[in-house]
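*Asks:* What shape does this take:
(one chain, ligands or ions: 2)
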Amino acid sequence: MSEPSHFDSTIDIAPKRLDVAVGVLRNTQGEFLFAQRPEGKPMAGFWEFPGGKVESGESIHAALARELHEELGIDIADSMRWLEVEHVYPHAHVLLHFRIISEWRGKPHGRENQALHWQKLYVNDDGTVSTPSTEPVLPATVPLLAQLAQWTPNH
Ligand SMILES: Nc1nc2c([nH]c(=O)n2[C@@H]2O[C@H](COP(=O)(O)OP(=O)(O)OP(=O)(O)O)[C@@H](O)[C@H]2O)c(=O)[nH]1
Ligand SMILES: [Mg+2]
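*Replies:* Ligands and ions are numbered 1, 2, ... in the order given. Below you'll find the model as predicted:
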């Protein structure tokens with residue numbers, strides 16, 4: 001058996017894990033929508049996929065629909081579960097729920113003073129991905145870019 005007292009003290013200081021709904025939007029040119037975290041937020045200046053924290057009682061899809069409306073002024077009817085990633089930052093312990101969005105209503109615009117950019121993904125010789133106009137990308141999101149770069153839609 002493990003030593004419970006040791007683990008108990010670890011749990012006491014660990015930040016509570018937050019669920020975050022994240023949207024991957026791809027346009028017909030094969031570019032992905034990135035947003036830059038504005039001044040005043042943790043990790044300001046880093047680029048991310050739009051999204052935010054899931055509120056109590058909310059489904060992941062509902063949280064994403066709300067966040068995309070608040071942050072980008074777009075409306076979605078559907079989103080497709082893609083994958084989950086857990087990451088511990090100094091400021092937060094997050095469980096990121098990435099979802100693919102293939103249709104939306106409205107033209108995305110930054111409603112929270114954040115810069116937006118439709119960015120192509122460039123695969124380097126070593127398999128890493130460059131996003132020249134949207135670097136740095138949040139560390140938990142970087143490993144997913146290589147998978148997204150392989151994504152060839154069937155339309
Ligand atoms: N939206 C988004 N968040 C991400 C990504 N990758 C990643 O690690 N995160 C982390 O997930 C958390 C999202 O929280 P947030 O601060 O943006 O949440 P929010 O939009 O609800 O903001 P608010 O609390 O100011 O209303 C942050 O800790 C952020 O560092 C990503 O690609 N997109
Ligand atoms: Mg957000």
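*Asks:* For the rest of this, base every contact and every neighbour count on C-alpha atoms.
*Replies:* Will do.
*Asks:* what's around the closest residue to A149 other than its chain neighbours, how many residues?
*Replies:* Using C-alpha to C-alpha, 6 or more residues apart in numbering and skipping residues adjacent in sequence, the residue nearest A149 is L121, 5.8 Å away. Applying other C-alpha atoms under 10 Å, we find 19 other residues in the vicinity of L121.
*Asks:* Do I have it right that L121 meets L145?
*Replies:* Yes. L121 is in contact with L145 according to C-alpha atoms under 8 Å; the separation is 7.4 Å.
*Asks:* if we can go back for a sec, quickly note the distance from the residue nearest to A149 to S130.
*Replies:* Distance of L121 to S130, given as C-alpha to C-alpha, to the nearest Å: 6 Å.
*Asks:* still on that earlier bit, just list the residues touching the residue nearest to A149, thanks.
*Replies:* E31, F32, V129, S130, T131, L145, A149 (C-alpha atoms under 8 Å, 6 or more residues apart in numbering).
*Asks:* so which of those comes closest to H117?
*Replies:* F32 (8.0 Å; C-alpha to C-alpha).
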